[in-house]
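**Q** fold the following, please.
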Amino acid sequence: MKLATIFLSLILLTSTCVHSGPAAYGICQAGCAAMVVACYAAAGAVFGTVTAGAATAPAIIACNVAFGKCSAACIAAGFAPTP
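**A** Just a heads-up that it's a prediction; the model follows:
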């Protein structure tokens, strides 16, 4: 038991401290949201009021696809180490 405590203490004291980027993730998501709102406005719609269906304009579908890809890319920002 004492050896395990010493070993764990040694690991904790010698490991480097790295923080994930939750702030970077939030900033990235905010940028994605701003992008999709601008995309919807350019297509003549309001973000959050259109449901995807057969009659949805292709521009709105493209906005949704871009928003999904942007949000997925934000995962990298969330997991990237920041000092």
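**Q** could you use CA atoms for every contact and neighbour count after this?
**A** Noted.
**Q** burial of Ala72, as a residue count?
**A** Residues near Ala72, counting by other CA atoms under 10 Å, number 13.
**Q** when you give positions from now on, start the count at 884
**A** Let's use 884 as the start, then, which means that last one is Ala955.
**Q** and it, what helix or strand is that in?
**A** Remark: Ala955 resides in helix 941-962, with elements defined by DSSP states H and E.
**Q** go on, Tyr908?
**A** helix 905-926.
**Q** what does that helix rub up against?
**A** The contact list for helix 905-926 (CA atoms under 8 Å, 6 or more residues apart in numbering) reads 929-930, 942-943, 946-947, 949-950, 953-954, 957-958, 960-962.
**Q** switch to 10 Å and redo it
**A** The list of residues contacting helix 905-926 from outside it, by CA atoms under 10 Å, 6 or more residues apart in numbering, reads 904, 927-931, 933, 940-965.
**Q** list the residues that contact Asn947.
**A** With contacts taken as CA under 10 Å, 6+ apart, Asn947 has the following neighbours: 919, 922-923, 930, 935, 941, 953.
**Q** which stretches of the chain have low pLDDT?
**A** The chain contains residues with pLDDT under 70 at 884, 886-887, 890-903, 965-966.
**Q** perfect, that will be all.
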